[in-house]
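Participant: I would like the atomic coordinates for the input below:
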Amino acid sequence: MKSRGRMGFKQLSWISLFLVLACNSSDPDPIIESYFPLDIGFYQVYQVEEIRYLAFQPPQSFFYQVKSRVLDSFTNNSGGITYVIDRSIRPDEFADWESNETWSVRTEKPYIIVNEGNQSYVRLVTSPAKNLSWDGNLYNSLGQDEYQITETGIVFTADGDLSFNDCVVVVQENESNLVNKDERIEVYSPDKGLVFKESKVWNYNCSGGTCTDQIVNGYYLKMTLIESGQE
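Facilitator: Numbers count the residues shown, from 1 in each chain. Take a look at the predicted model:
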């Protein structure tokens, strides 16, 4: 697809952008509510698999669960609404949840912006359509990073037995070569939000102009939605 910060990105088509901006920003947006639910009390539970690669050390594997819950909302400085997201973690379903960090979500049409820690990313657009693309790093200083919707309205199957309907697939990166790999996707489903996320980001061992398939640093992350609802 492209290397982060080295290639340009396609903007939303002017027609699509005009249609989005022409909507009354004060009205509820059914697209946001569908693919990115933000009702207070809405929660999602994910099964997470993570592998961390460090040079000269064996890979470290972790399995745990993450719970994301819309905790509160407030009017921000732009006159819009910012939603507060509590992120909790536990090793398995038999353990208690422990609050881990707080994220936030806001919309600046046509973008849905998620603040993760100290960085803001445009994770989705308010009117998803196939082949639309945007700069995921538009609201941070990390350099251009093109996200693109590659599929809409599909049935997505995760881990062989979990199926989600009418999904939107966002490819954040799709680069693989002899030196490194950077493949990242997110999948959204109506009334559930993010249902699947997978990231393969690492560098291979290269020396004297020759690279092997040995991973020297990076990470693998997979998140699968196993439960969602209203509290």
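Participant: for V201, the count of nearby residues, please.
Facilitator: Using other CB atoms under 10 Å, V201 has 17 other residues around it. For glycine as for every other residue, the C-beta is placed from the backbone atoms N, C-alpha and C.
Participant: now do the helices in this structure.
Facilitator: 14-21, 30-35 (DSSP state H).
Participant: worst average pLDDT in the ones you listed?
Facilitator: Note on the helices of the chain: helix 14-21 shows the lowest mean pLDDT, a mean of 35.
Participant: ok now the biggest strand by length in the chain, how far from the chain's centre?
Facilitator: Ranked by residue count and defined by DSSP state E, the top strand of the chain is strand 210-230. Centroid separation for strand 210-230 versus its chain: 13 Å, with CA atoms, centre = their mean, to the nearest Å.
Participant: for it, C-alpha coordinates in PDB please.
Facilitator: Extracted in PDB, the C-alpha atoms of strand 210-230 (Å, rounded to 0.1, in the frame of the first residue of the first chain):
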ATOM      1  CA  THR A 210      21.400  -9.800   3.300                       C
ATOM      2  CA  CYS A 211      18.100 -10.200   5.200                       C
ATOM      3  CA  THR A 212      16.700 -13.400   6.800                       C
ATOM      4  CA  ASP A 213      13.200 -14.200   8.000                       C
ATOM      5  CA  GLN A 214      14.400 -13.800  11.600                       C
ATOM      6  CA  ILE A 215      12.400 -11.100  13.400                       C
ATOM      7  CA  VAL A 216      14.600  -8.800  15.500                       C
ATOM      8  CA  ASN A 217      12.100  -6.400  16.800                       C
ATOM      9  CA  GLY A 218       8.400  -5.500  16.600                       C
ATOM     10  CA  TYR A 219       5.100  -6.900  17.600                       C
ATOM     11  CA  TYR A 220       2.000  -8.900  16.700                       C
ATOM     12  CA  LEU A 221      -1.400  -8.000  18.000                       C
ATOM     13  CA  LYS A 222      -4.800  -9.600  17.500                       C
ATOM     14  CA  MET A 223      -8.100  -8.500  19.100                       C
ATOM     15  CA  THR A 224     -11.400 -10.300  18.600                       C
ATOM     16  CA  LEU A 225     -14.700  -9.100  20.000                       C
ATOM     17  CA  ILE A 226     -16.300 -11.800  22.200                       C
ATOM     18  CA  GLU A 227     -19.000  -9.800  23.900                       C
ATOM     19  CA  SER A 228     -20.700  -6.400  23.700                       C
ATOM     20  CA  GLY A 229     -23.800  -4.800  25.200                       C
ATOM     21  CA  GLN A 230     -25.100  -2.000  27.400                       C
END
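Participant: list the buried residues of that strand.
Facilitator: Neighbour-count burial for strand 210-230 flags 215-225, 228 (criterion: 16 or more other CB atoms under 10 Å).
Participant: now do the strands in this protein.
Facilitator: Using DSSP E, the strands of the chain run over 42-53, 60-75, 81-90, 98-108, 111-116, 119-125, 133-135, 146-158, 162-176, 180-189, 193-207, 210-230.
Participant: mind putting those into CSV with distance to F36 and mean pLDDT?
Facilitator: Below are those laid out as CSV (distance: least, CB to CB, whole Å; pLDDT from 0 to 100):
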stretch, distance to F36, mean pLDDT
strand 42-53, 10, 98
strand 60-75, 10, 97
strand 81-90, 10, 97
strand 98-108, 7, 95
strand 111-116, 5, 96
strand 119-125, 6, 96
strand 133-135, 15, 97
strand 146-158, 14, 96
strand 162-176, 10, 95
strand 180-189, 7, 96
strand 193-207, 5, 96
strand 210-230, 12, 95
